[in-house]
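Engineer: Predicted coordinates and the sequence they were generated for:
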There are 2 protein chains.
Amino acid sequence: MENNQIYDLIIIGGGPAGITAGIYAGRQNLKTLLITKDFGGQLSKKTIDIENYPGFEKISGIDLGSKLRNHLKKFDVEVKLEEVVKLEKKEDQFLVHLKEGGEFQSLTVIIASGADPRPLEVEGEKEFLGRGVSYCAVCDGNFFKDKIVAVVGGGNAGFETAIFLSKIAKKIYILEYGEKVKADQTNQKIVKNSGKTEIIANAQVKKIAGDNVVKSIIYLDRKTQEEKELQVDGVFIQIGNQPATSFVKDLADFNERDEIIVEFETCQTKTKGLFAAGDCNAGPFKQIITACGEGAKSALAAFQYIQKLKSQKLD
Amino acid sequence: MENNQIYDLIIIGGGPAGITAGIYAGRQNLKTLLITKDFGGQLSKKTIDIENYPGFEKISGIDLGSKLRNHLKKFDVEVKLEEVVKLEKKEDQFLVHLKEGGEFQSLTVIIASGADPRPLEVEGEKEFLGRGVSYCAVCDGNFFKDKIVAVVGGGNAGFETAIFLSKIAKKIYILEYGEKVKADQTNQKIVKNSGKTEIIANAQVKKIAGDNVVKSIIYLDRKTQEEKELQVDGVFIQIGNQPATSFVKDLADFNERDEIIVEFETCQTKTKGLFAAGDCNAGPFKQIITACGEGAKSALAAFQYIQKLKSQKLD
């Protein structure tokens, strides 16, 4: 393979982090390839307007996704709509393998493959998405002012969601599958002190029901084997995320949620020249604007790394 | 002082980082006060359009600043146009002292005070400030219609200032201390094509001279060791920025550039509950989008800190 076929940078993912990395790489004249299954990431799945991307008081996920994609088009960044299945490093070069076959070489890689909320996989979940079912309280919580909501999941994410919602909603149920909730003591204390939240353990969610919008959640009490129904206006599912990082393997370290561990000043992983930006990394705050900021940081850090690499080779 | 007069969060600064922190704090229902001398930060001084804030392909600094400010107005965040001169922590509370007298109490503080232009520190610089010496071409450029100006600094900021002034001034000198200018190739090309700009490398500025107003700039040619004088009507100083962090004192650690050292996952300083976002911290990449991302992270981290603090007090 000839030298001019080696990319400076391959970006994996076409959500806010990947697109911002592409914009910055383009501005730095890096020879860049962006590989993504589709554009927009979680933006394109949002059915409720975004109100927390600074500069746009209110914008749909689809519209923001289009704006970001159009912005990227102004720069000389190659795009392939493919899926990455394997990532390797050989000496100074990364090898990026595609699902449909073929591979690309690059000096640096930014993983911006995002994460999807782990679904409950129960009846009504898909049907009522955006009509009462949500995976993100920061995004959608404000729509449930003085309403009754259920949070599915008794881990920290579920409790933090309940804490967030306690300032907005009238009443919150936390439904936990196991015998005991798993959230840390501090979160449990805060939830208790809010006085608004009822915890239901041993609850196996069976169905989310309603008409146009969510009206109730039906669960099996695993102790009594009784089926019970709660009248709720919203259901927040917080049973974890599944970051799309399986192709990375041993080039990075992962936390217990399969999120890539990075050094947040530059978003670099344990492997030099390999970065992870946005929801696929271990950052605690999964926001569009934080993903964009990390995309920019990782592209600028990749640029610096490439400069050093090339100058070393000239020595 | 009564308890209801203690803020959850005080944000110091009204640029991209501070405004984004305000948007996120507002969304979290934190009782928030934003203190700033003026809004927009460095956005209001930008000489060329911004093309790297994702979502806006091309937007003036003034316009992006307005959009951010209008976005903030949608949230319940109190604003005071004042200057902070001192920050203290007493037990769990921060005390924020204003220049005009008065102080405010808060459980958390986000420093987003940005950076000010770095002065040359030569004779005549302070004396002729506003009478020929300027740090901001957008603010003062129009006073130099068909005049001769010097821009001190051969980085991107200096070149962008020269590009901006080439539409106004008759002749522009760029004085660079080093042997080579550091601006990127695109900016160098635009400057060259303007036909109005002369680049002088190895120039160590010694003095800005005049009577009522600037008449000349005197520099040492570092190669020949000759002292030279250029007849100019204005001097624009563009040699970088210095963080506006003098009020912080020993609550934070600083690097050699007086930038606040933070842990970049949350932007927290060495003092719990005290955060620093954007150009005032030690981050290597000073971009609008990275400042916004850090503003969001610090506000969400402040929220978590406050929740824990309040729950501990209930024990």
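Structural biologist: Now that the structure is in, tell me what you want to look at.

Engineer: what about the residue in chain A that chain B sits nearest to, neighbour count?
Structural biologist: Nearest residue of chain A to chain B (CB to the nearest CB) works out as A:Gly293 at 1.9 Å. In short, each C-beta sits where N, CA and C put it, glycine included. Using other CB atoms under 10 Å in any protein chain shown, A:Gly293 is surrounded by 34 other residues.

Engineer: which ones are touching it?
Structural biologist: The contact partners of A:Gly293, by CB atoms under 8 Å, 6 or more residues apart in numbering or on different chains, come to A:20, B:287, B:289-294, B:296-297.

Engineer: same question, A:Gly18
Structural biologist: With CB under 8 Å, 6+ apart, A:Gly18 has these contacts: A:11-12, A:34, A:36, A:41, A:110, A:112-113, A:277-278, A:295.

Engineer: tally of neighbours for the nearest residue to A:Asp233 once chain neighbours are set aside?
Structural biologist: Sequence neighbours aside, A:Lys147 is the residue nearest to A:Asp233 in space, at 4.0 Å (criterion: CB to CB, 6 or more residues apart in numbering or on different chains). A count of neighbours around A:Lys147, defined by other CB under 10 Å, yields 16.

Engineer: just checking, A:Val232 touches A:Ser216?
Structural biologist: Yes: A:Val232 lies in contact with A:Ser216 (CB atoms under 8 Å); the separation is 6.1 Å.

Engineer: Helix or strand: which one has the residue of chain A closest to chain B?
Structural biologist: Using DSSP states H and E, A:Gly293 sits in helix A:288-314.

Engineer: what comes up buried for that helix?
Structural biologist: For helix A:288-314, burial by neighbour count (16 or more other CB atoms under 10 Å in any protein chain shown) applies to A:288-303, A:305-306.

Engineer: Compute the inter-axis angle for it and helix B:288-313.
Structural biologist: 120 degrees (axes from the mean of the first three to the mean of the last three CA atoms, to 10 degrees).

Engineer: Centre of the chain to helix A:288-314, how far?
Structural biologist: Put simply, helix A:288-314 sits 21 Å off its chain's centre (CA atoms, centre = their mean, to the nearest Å).

Engineer: Among the contacts of A:Gly18, which are located in helices?
Structural biologist: Among these, the ones falling in helices (DSSP state H) are A:Gly295.

Engineer: Taking the contacts of A:Gly18, please make a PyMOL selection of just the buried ones.
Structural biologist: Per 16+ other CB under 10 Å, the buried members of these correspond to this PyMOL selection:
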select buried, chain A and resi 11+12+34+36+41+110+112+113+277+278+295
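
Engineer: Tell me which of the contacts of A:Gly18 fall in strands.
Structural biologist: A:11-12, A:34, A:110 (DSSP state E).

Engineer: ok, back up a step: quick check: which of the contacts of A:Gly18 are also close to chain B?
Structural biologist: A:Gly295 (CB under 8 Å from any CB of the partner chain).

Engineer: Same list (the contacts of A:Gly18) but as JSON lines, adding pLDDT.
Structural biologist: Shown next, in JSON lines, are the contacts of A:Gly18 (pLDDT from 0 to 100):
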{"residue": "A:Ile11", "pLDDT": "98"}
{"residue": "A:Ile12", "pLDDT": "98"}
{"residue": "A:Leu34", "pLDDT": "98"}
{"residue": "A:Thr36", "pLDDT": "97"}
{"residue": "A:Gly41", "pLDDT": "82"}
{"residue": "A:Ile110", "pLDDT": "98"}
{"residue": "A:Ala112", "pLDDT": "98"}
{"residue": "A:Ser113", "pLDDT": "96"}
{"residue": "A:Ala277", "pLDDT": "98"}
{"residue": "A:Gly278", "pLDDT": "97"}
{"residue": "A:Gly295", "pLDDT": "98"}
